[in-house]
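Enquirer: Got a predicted structure here, sequence first:
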Amino acid sequence: MRLYIEGSVNKYYVQTLCMIFFPGSKFSDDEPITEDTPEMWVSMTKSPEAGVDVMAKLSYRGQSSEAARHYDYREGYTRERLEKIAVGDAVTTVCEEVMGYRSSWGMLTGVRPSKVATELLQKGMSKTHIRKQLTKDYFVIPKKAALATDVAINEARLVGTPHKKDCSVYVSIPFCPTRCAYCSFVSYTSKRLLSLIPDYLVRLVKDLEGTFETINKLGLRVRTIYIGGGTPTILDAGQMEYLLGAIERMTDVRALEEYTLEAGRPDTIDADKLAVARSFGVGRISVNPQTLCDDVLRHVGRAHTTEMFYKAYEIARASGIPVINTDLIAGLPGDGFKTFSASFDKIMELRPENVTVHTFCVKKSAELRQAGADIYSMRGGDTGKCVDYSQIQCTHEGYIPYYMYRQKNTVGNFENVGFALPGYEGLYNIYMMEEVHSIFAAGAGAVTKLVDYSPVDGSPRYIERMFNPKYPYEYLDETGAAAMQEKLVRADTFYRERSMLD
């Protein structure tokens, strides 16, 4: 796709809007223009007195559309916000006219579709007013506006008043026994890399020792620990005991609000591993079928069957770990409303404390994408029907939506939503998504986020991100050692420079 920008238009924002209507698009000036190349022109002029004017034009396969939008600067909106709304209005209008399609999320893009609702809630707006404003200003359809508002309200209730000395810890186990056809963790599953697990755990524990030492020195309070992947339960029981025992020595796990182990793959779960997890205080675990249709599981490269999921779930329930989450994916290749709704109904019969419903999204280096499969879908077929069904049924069964996010190039531009029975919400998910306190991350591919939620000078929240080496073999060499040290030094400086230690 070709973009032509004039004025102070955020090019990345226009790209994300265009990807709603042209999923999988690449924005390169080097590609030759053909009759199948969408071309978008966007220009902006603005002045403090006259407001902002935006022009947008789309040309695609012999069709074209133009839109002009004018917005006066007005009370209750920053200029940047109104300018973004004006661009979103013009761009989505021309895309809708040419493509004959309207996105259910309107012009809202980005990872957090409930962000605007949260901001309006913090301004004291009522639930009804927030819904109306999302629909009026951002073109969000009513049922999505209601979902975003409900999520924002539930998140606010659970977050409460963030404290500057709160933090969480993420522990990365970036290994899987096999790779799914929709996943990009190709290198993490090779035999050579799996053989690195023992050495990786030694380095990871050293990383955690430095992390907790810094946390303690700064006087911070660890609220949650989340062990994610990859597939953490690829570790055997002895390796699990080594890691969890080390964490127990470094911090008081009994004082945690939440301690999560993301098991994920049913084919890696056994009673011995979960007994170890339970003995070291793990209180939440994920057992993720993605679907309960064996044909679909085979098609997307999952190395387990429906029967194996039920066995793993039974083991998890018998382990005594009090909270179980299950993940399902709407829109998987080969899946449809009949099979998805059947899977969902069966999960509801199990009554897990948490249910997370994702929308299918293929990563850049996924096998399905590399094979040239037609995986992108603007309208999403009956995926929207699947998403709606899951949300209606969750509400009917007493589950509440408590966190939500989106990814690029999801089928139909739909969302991922976490549901929980009241009192069983996953706090780490909220703390991480809403960026209310720092997340200290250890392990390959992990990202530390240092957060000053409420700066002393009254400025907006401030966030610094630090990236560990992506691959385990990088993490084990000098690159990893340098990243570990930089994280600790930068964290200490961050808290001291920003006067967060009072």
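Expert: Okay, I see it.
Enquirer: which residues does the closest residue to residue 227 other than its chain neighbours contact?
Expert: On the basis of Cβ to Cβ, 6 or more residues apart in numbering, the spatially nearest residue to residue 227 that is not a chain neighbour turns out to be residue 171, at 4.4 Å. For glycine as for every other residue, the C-beta is placed from the backbone atoms N, C-alpha and C. Under the criterion of Cβ atoms under 8 Å, 6 or more residues apart in numbering, the contact list for residue 171 reads 204, 208, 225-228, 232, 243, 247, 441-443, 446.
Enquirer: Columns secondary structure on top of these, output as TSV?
Expert: Written out in TSV, the entries for those read as follows (DSSP: H, G, I helix; E, B strand; the rest coil):
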residue	secondary structure
204	helix
208	helix
225	strand
226	strand
227	strand
228	strand
232	helix
243	helix
247	helix
441	strand
442	strand
443	coil
446	coil
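Enquirer: Could you pull up phi and psi at the residue nearest to the spatial centre of the chain?
Expert: By Cα atoms, centre = their mean, the mean C-alpha position of the chain lies nearest to residue 405, the distance being 5.0 Å. When quoted as degrees, to the nearest 10, the phi and psi of residue 405 stand at phi -150, psi 170.
Enquirer: For it, list the residues it contacts.
Expert: 111, 112, 113, 415, 416, 433.
Enquirer: same thing with residue 93?
Expert: Contact partners of residue 93, counting by Cβ under 8 Å, 6+ apart, are 56, 65, 67, 69.
Enquirer: Adjacent strands (with direction) for the strand or helix carrying the last one?
Expert: Read that as residue 69. When secondary structure is defined using DSSP states H and E, the element that contains residue 69 is strand 63-71. Sheet pairing for strand 63-71, assigned by DSSP bridges, gives strand 51-60 (antiparallel).
Enquirer: any idea how far the strand it pairs with is from the chain center?
Expert: 31 Å (Cα atoms, centre = their mean, to the nearest Å).
Enquirer: Quick one: the helices in the stretch 351-500 of the chain, in order.
Expert: Shown for the stretch 351-500 of the chain, the helices assigned by DSSP state H, counting those that start in this stretch span residues 367-370, 383-396, 427-434, 472-475, 478-497.
Enquirer: Give me the contact list for the last one.
Expert: Just to be clear, that refers to helix 478-497. Around helix 478-497, the neighbours that count as contacts under Cβ under 8 Å, 6+ apart are 203, 206-207, 210-211, 213-214, 217-218, 220, 438, 440, 444, 448, 450, 452, 464, 466-469, 474-475, 500-501.
Enquirer: Repeat that for the second one.
Expert: Residues from elsewhere that reach helix 383-396, judged by Cβ under 8 Å, 6+ apart: 104, 143, 147, 328, 330-331, 335, 337, 340-341, 344-345, 348, 355, 357, 359-360, 377, 400-401, 411-412, 414-415, 417, 419.
Enquirer: picking that back up, show me the beta-bridge partners of the residue nearest to residue 227.
Expert: residue 227, residue 442.
Enquirer: repeat for residue 287
Expert: According to DSSP bridges, the partner residues bridging residue 287 are residue 264.
Enquirer: okay, the angle between whichever helix or strand comes after the strand holding residue 69 and strand 63-71?
Expert: Reading on from strand 63-71 to the C-terminus, the next helix or strand found by DSSP H and E is helix 79-99. With axes from the mean of the first three to the mean of the last three Cα atoms, to 10 degrees applied, the angle from helix 79-99 to strand 63-71 works out at 160 degrees.
Enquirer: mind listing what's buried in helix 79-99?
Expert: The neighbour-count criterion (16 or more other Cβ atoms under 10 Å) identifies 82-96, 98-99 as the buried residues of helix 79-99.
Enquirer: Residue 329 - that's part of a strand, no?
Expert: Yes. Counting by three-state DSSP, residue 329 falls inside a strand.
Enquirer: So the closest residue to residue 253 other than its chain neighbours versus residue 260, what's the distance?
Expert: The spatial neighbour of residue 253 that comes closest, neighbours along the chain excluded (Cβ to Cβ, 6+ apart), is residue 281 at 4.2 Å. In this structure, residue 281 and residue 260 are 11 Å apart, going by Cβ to Cβ, to the nearest Å.
Enquirer: of these two, who's got more company?
Expert: More neighbours surround residue 260 than the other of residue 281 and residue 260, with 27 against 16 (other Cβ atoms under 10 Å).
Enquirer: Can you lay out the contacts of residue 405 as TSV showing pLDDT, neighbour count and distance to residue 300?
Expert: Below are the contacts of residue 405 laid out as TSV (pLDDT from 0 to 100; neighbours: other Cβ atoms under 10 Å; distance: Cβ to Cβ, whole Å):
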residue	pLDDT	neighbour count	distance to residue 300
111	87	12	23
112	91	21	27
113	89	27	25
415	95	26	20
416	96	21	17
433	92	18	25
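Enquirer: ok, these vs residue 318, which is closest?
Expert: Comparing these against residue 318 with Cβ to Cβ places residue 416 closest, at 28.9 Å.
Enquirer: Just the pLDDT at the residue nearest to residue 227, thanks.
Expert: You'll see residue 171 listed with a pLDDT of 98.
Enquirer: Identify the residues contacting residue 278.
Expert: For residue 278, the contacting residues are 319, 320, 321, by Cβ under 8 Å, 6+ apart.
Enquirer: Looking at the residues you listed, which is nearest residue 4?
Expert: Using Cβ to Cβ, residue 321 is the member of those that sits closest to residue 4, with 54.9 Å.
Enquirer: quick one, what contacts the closest one?
Expert: For residue 321, the residues meeting the contact criterion (Cβ under 8 Å, 6+ apart) are 274, 277, 278, 282, 283, 284, 285.
Enquirer: just checking, residue 259 is part of a helix?
Expert: No. Counting by three-state DSSP, residue 259 is not found in a helix; it is strand.
Enquirer: ok, now how distant is it from residue 59?
Expert: Look at residue 259 and residue 59: by Cβ to Cβ, they are 54 Å apart.
Enquirer: just residue 285 next, same as before
Expert: With distances defined as Cβ to Cβ, the gap from residue 285 to residue 59 amounts to 51 Å.
Enquirer: more neighbours, the two?
Expert: residue 285 (28 against 17).
Enquirer: Remind me which helix or strand that one belongs to.
Expert: The secondary structure element spanning residue 285 is strand 284-287 (assigned by DSSP H and E).
Enquirer: Downstream of that strand, the next helix or strand is which one?
Expert: Proceeding C-terminally, strand 284-287 gives way to helix 294-299 as the next helix or strand, assigned by DSSP H and E.
Enquirer: With only the CA atoms kept, save the helix or strand following that next one in CSV.
Expert: Downstream of helix 294-299, the first helix or strand assigned by DSSP H and E is helix 306-318. The C-alpha coordinates for helix 306-318 follow below in CSV (Å, rounded to 0.1, in the frame of the first residue of the first chain):
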residue,chain,number,x,y,z
THR,A,306,-9.2,-32.8,22.9
GLU,A,307,-8.8,-35.9,25.1
MET,A,308,-5.4,-34.7,26.2
PHE,A,309,-6.8,-31.4,27.2
TYR,A,310,-9.5,-32.9,29.4
LYS,A,311,-6.8,-35.1,31.1
ALA,A,312,-4.6,-32.0,31.7
TYR,A,313,-7.5,-30.0,33.0
GLU,A,314,-8.4,-32.8,35.4
ILE,A,315,-4.8,-32.9,36.6
ALA,A,316,-4.8,-29.2,37.1
ARG,A,317,-8.1,-29.3,39.1
ALA,A,318,-6.8,-32.1,41.2
